[in-house]
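Trainee: Here's a sequence, model it:
(2 chains)
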2 protein chains.
Amino acid sequence: MFKIPRGTRDFTPKEMNKRRCLEECMRSTFQKFGYREIQTPMFENLELFTAKSGEAIIDEIYSFKDKGDRELALRPELTAPVMRFYVEKMQMEPKPLKLFYFGSCFRYDRPQKGRYREFKQAGCEIIGTNTSEAYAELIALAYNLLKNAGLKDIKLNIGNLNILTQIFKKINISKEQQKQLIPLIDKSLFDEVSYLLKEFGIPEKTITEFLDVLQSSNIKKINDFIQEDESAKKELSILNEIQKLLKSSFKINEFQIKMSIVRGLDYYKGVVFEIDAPILGAEKQLCGGGAYELIPLFGGKDNPSAGFAIGFDRTLLTLETEKYEFKPFMLNVYVIPVNEDMIEKSLEITQTIRNNGISADIDLLRRGIGKSLKYASSLNAEKVMIVGPRELKKKSVTIRDMKTGKQELIDIKDIVSKVKNT
Amino acid sequence: MFKIPRGTRDFTPKEMNKRRCLEECMRSTFQKFGYREIQTPMFENLELFTAKSGEAIIDEIYSFKDKGDRELALRPELTAPVMRFYVEKMQMEPKPLKLFYFGSCFRYDRPQKGRYREFKQAGCEIIGTNTSEAYAELIALAYNLLKNAGLKDIKLNIGNLNILTQIFKKINISKEQQKQLIPLIDKSLFDEVSYLLKEFGIPEKTITEFLDVLQSSNIKKINDFIQEDESAKKELSILNEIQKLLKSSFKINEFQIKMSIVRGLDYYKGVVFEIDAPILGAEKQLCGGGAYELIPLFGGKDNPSAGFAIGFDRTLLTLETEKYEFKPFMLNVYVIPVNEDMIEKSLEITQTIRNNGISADIDLLRRGIGKSLKYASSLNAEKVMIVGPRELKKKSVTIRDMKTGKQELIDIKDIVSKVKNT
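Mentor: Just a heads-up that it's a prediction; the model follows:
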């Protein structure tokens, strides 16, 4: 027997029904926000990802040589491919350019709960604007995508990397030292941050202040702490405006300003944000994004850009954990010919029903009514139609409601309106 | 600048709009026929494909080793993965089991018009029945998928490999000779078939008869030609019934019975069919399928199975060549704040519109009205809403119809009903 590759998944009809529901809901939200869908190939030239994330990424991805000796890689994420697409073919498009995507991504990771070697991401990029309203709208979009999908409990945190840099400067932390601190801050390991700062010789009082500012939602407090730096002051005022617009225009009141959000990636600049689902426990992050700088690195003309990615599988897992009720797959009508002579007419009726936009299936195994009824109920059929010779003579068929068990004889010409109306 | 990998494609919003239209239409047709969607991973263990198609396939696919030294391959087609999924996890499902899929497939092919290294297939499998009505319905589904998508001119051809074998037997063609003939028959190169048969020492008269039967739609003529073989006679009667049901129940009259359809693959048995789009010229095949035997090879309990695959990209190309009019992407409303003080209120209005299921975008670059109108028209916006201080004092905004150029002042509380009604 052949096995599925390790860390990957097959999706049954029931699972696919949920996945398509979620995807459709997300697509509709993206489109309502004026975003338009694009798609890029499943693999890229390896150098695209090493240029963005360094050589170390090779250990975490599927890379391979094709028969022409080109180094390729299954994409581990979609921002780099989308930026490559933008630089190659979309630089002349009117700005701002709002693009969204859905796609499989691949990581050579140790498989564990909620982490797969093939996983799906939904995300978007906006290119050509850096106004506070643009960032507020982007964050609101991420929040709406998850809320419209049906999630109950999510936590939105907003930070800013420029301001974080100024906070580091204020307490005299070198670039080298920042590199050691950032992974700890990213994981909210503040005890270890404190320990490390002590080792760096930072006074106790400064450490307390620093950790306080890092976790504060109070913009005035942050403003008072940082040095007189023009760019950081500007970023703080943008952050203040984002906060205001999220509340007044987008009616989003539940979020935290949190300077400890670092996204752990070199190419983010300025505003960053994350959305978590606390119900998931340790692996709780559903969405991460912010403003970034990649276009010049990929050879394009610099332009402000921002975006986010949502873990599709983890979002689905959260919905399931929160017991979200997905609309189940339904078959509208199941048709049973009572004998072989009824097959031709039954198929014709079945096809007429389908041509009117109603889903219909038919016994294709010449089974008796009993077995067919059992099969119809396994398909979650709403109605069963029984086609027999006596009824057919009167140009009628029997329709049975599978929920109530009620049966009635109806005219063949009324079938479509009968099924449509219920 | 980074380049897209050779033979692959990026899809712009305009192209994605067409692709999603076609996919949605096909999904709806599959579901109306009682099929349910599944999904398998983008790659499989290499041996799955070599078991099905022989070692030679390695030259035509993307295969590679993962970091655990496992031989993997990007899937070149989806029937093998679906059968692997069935054998691994779905053998106990009620029969018949009707499954459909959409998915990217990969072939290491020389890129040329209409052939890509990453391409998309739509397809389905039905497991657990071999009645004539099951085959007729399967063929009707393939035909309906393409017709419902909007294709005008397609050609459906139906053959049968069991009968073809009997035809070979009748004129004493060995298995070895068949192997030489089949690729030529597959490509309808009948002159070369004739030449080769002469070389095999087949009399001229027999060759003429053979070629006549191979291209005949007349089941009686085929019946008279073949030897008294029980299984072939049975297949002929099934073929006859399929023909009858397609016409009477499914109202499909334009098809050909054609014994020269061979599908070029070892695992097909019995009924086979193909659908072409003549407008495409040499690379005209859109769909191929039939009854096949793969379950025992993959370690499962034998069960009749049949299916087909449709080339998604080629179907789209045909629609474009036939000048099919896709519904263009539309933005319902574009909102323009006339100055910075209007941004907050404008964002709030925009979000209210979206919350009512209407797509809305807003100026995120603080441009003047002129530039914003130009941008709105590049987005194909139906309406533009201008939010200014004087109108806002009267709790109103100006709405402009982008088609007629007509402007009117409307009450803010009437915005949603106004936009929804037009």
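
Trainee: For the residue in the stretch 51-200 of chain A positioned nearest to chain B, what is the enclosing helix or strand?
Mentor: Nearest to chain B in the stretch 51-200 of chain A, going by Cβ to the nearest Cβ, is A:Phe64, at a distance of 3.3 Å. Placement of C-beta: from N, CA and C, glycine included. According to DSSP states H and E, A:Phe64 maps onto strand A:63-65.

Trainee: circling back: list the beta-bridge partners for the closest residue to the residue of the stretch 51-200 of chain A closest to chain B other than its chain neighbours.
Mentor: Spatial nearest neighbour of A:Phe64, excluding adjacent residues (Cβ to Cβ, 6 or more residues apart in numbering or on different chains): B:Phe64 at 3.3 Å. Legend: beta-bridge partners of B:Phe64 under DSSP bridges are B:Leu72.

Trainee: So B:Phe64 versus B:Lys395, what's the distance?
Mentor: 64 Å (Cβ to Cβ, to the nearest Å).

Trainee: what's the domain layout of chain A?
Mentor: Domain assignment of chain A by automatic domain parsing yields the ranges A:13-321, A:331-420.

Trainee: and of the ones you listed, who's closest to B:Cys124?
Mentor: Closest approach to B:Cys124 among the domains of chain A (Cβ to Cβ): domain A:13-321, 12.0 Å.

Trainee: Just the endpoints, please. Distance across that closest one?
Mentor: Using Cα to Cα, to the nearest Å, the end-to-end distance of domain A:13-321 comes out at 20 Å.

Trainee: Ok, stretch A:308-328 next?
Mentor: 30 Å.

Trainee: again with stretch A:84-100
Mentor: 14 Å.

Trainee: ok, it near chain B or not?
Mentor: Yes. In terms of Cβ under 8 Å from any Cβ of the partner chain, part of stretch A:84-100 sits within range of chain B, namely A:Arg84, A:Phe85, A:Val87, A:Glu88, A:Lys89, A:Met90, A:Pro94, A:Lys95, A:Pro96, A:Lys98, A:Leu99.

Trainee: Max pairwise distance over these: which two?
Mentor: Based on Cβ to Cβ, the longest span within the residues of stretch A:84-100 next to chain B runs between A:Arg84 and A:Pro94 and measures 20.2 Å.

Trainee: Those two: who's more crowded?
Mentor: Legend: neighbour count by other Cβ atoms under 10 Å in any protein chain shown for A:Arg84 and A:Pro94, higher for A:Arg84 (25 against 13).

Trainee: ok, back up a step: quick one: which of B:Phe64 and B:Lys395 has more around it?
Mentor: A direct count of neighbours by other Cβ under 10 Å for B:Phe64 and B:Lys395 places B:Phe64 higher, at 18 against 9.

Trainee: Does the host helix or strand of A:Phe49 reach chain B?
Mentor: A:Phe49 is part of helix A:46-53, with elements assigned from DSSP H and E. Yes. Using Cβ under 8 Å from any Cβ, helix A:46-53 comes into contact with chain B via A:Glu47, A:Leu48, A:Ala51.

Trainee: So which of the residues you listed wins on neighbours?
Mentor: A:Leu48 (22 neighbours).

Trainee: what about that residue, distance to B:Gly7?
Mentor: 16 Å.

Trainee: now swap in A:Lys89 and tell me
Mentor: The spacing between A:Lys89 and B:Gly7, counted by Cβ to Cβ, is 16 Å.

Trainee: Show me which of the two is the more surrounded one.
Mentor: Taking other Cβ under 10 Å, A:Lys89 and B:Gly7 do not tie; B:Gly7 has more neighbours (20 against 12).

Trainee: what about the nearest residue to that one once chain neighbours are set aside, distance to B:Lys32?
Mentor: Leaving aside its chain neighbours, B:Gly7 sits nearest to B:Arg117 (3.3 Å; criterion: Cβ to Cβ, 6+ apart). When Cβ to Cβ is the yardstick, B:Arg117 and B:Lys32 sit 33 Å from each other.

Trainee: Any idea how many residues pack against A:Ser174?
Mentor: Neighbours of A:Ser174 (other Cβ under 10 Å): 11.

Trainee: okay, it: pLDDT?
Mentor: You'll see A:Ser174 listed with a pLDDT of 91.

Trainee: what does A:Gln227 give?
Mentor: pLDDT, A:Gln227: 67.

Trainee: which stretches of the stretch 101-250 of chain A form helices?
Mentor: Applying DSSP state H, counting those that start in this stretch to the stretch 101-250 of chain A gives helices spanning A:132-148, A:161-170, A:175-186, A:190-199, A:204-214, A:219-225, A:230-248.

Trainee: among the ones you listed, which is nearest B:Val272?
Mentor: Judged by Cβ to Cβ, the one of those that comes nearest to B:Val272 is helix A:132-148, at 45.1 Å.

Trainee: got the CA positions of the closest one in CSV?
Mentor: Presented in CSV, the C-alpha positions along helix A:132-148 are these (Å, rounded to 0.1, in the frame of the first residue of the first chain):
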residue,chain,number,x,y,z
SER,A,132,-2.1,56.1,8.7
GLU,A,133,-5.5,55.4,7.1
ALA,A,134,-3.9,52.8,4.8
TYR,A,135,-2.3,51.0,7.8
ALA,A,136,-5.6,51.3,9.8
GLU,A,137,-7.5,49.8,6.9
LEU,A,138,-5.0,47.0,6.5
ILE,A,139,-5.2,46.0,10.1
ALA,A,140,-9.0,46.3,10.0
LEU,A,141,-9.0,44.0,7.0
ALA,A,142,-7.0,41.3,8.9
TYR,A,143,-9.3,41.6,11.9
ASN,A,144,-12.5,41.5,9.7
LEU,A,145,-11.2,38.5,7.7
LEU,A,146,-11.1,36.5,11.0
LYS,A,147,-14.2,38.0,12.5
ASN,A,148,-16.3,37.5,9.4
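
Trainee: Does that helix reach chain B?
Mentor: Yes. Helix A:132-148 comes into contact with chain B (Cβ under 8 Å from any Cβ), by way of A:Glu133, A:Ala134, A:Ala136, A:Glu137, A:Ala140, A:Asn144.

Trainee: Could you check how far A:Val387 is from B:Ile126?
Mentor: Noted for A:Val387: a distance of 21 Å to B:Ile126, by Cβ to Cβ.

Trainee: And A:Lys413, by the same measure?
Mentor: Taking Cβ to Cβ, one finds A:Lys413 at 30 Å from B:Ile126.

Trainee: With that, I have no additional questions.
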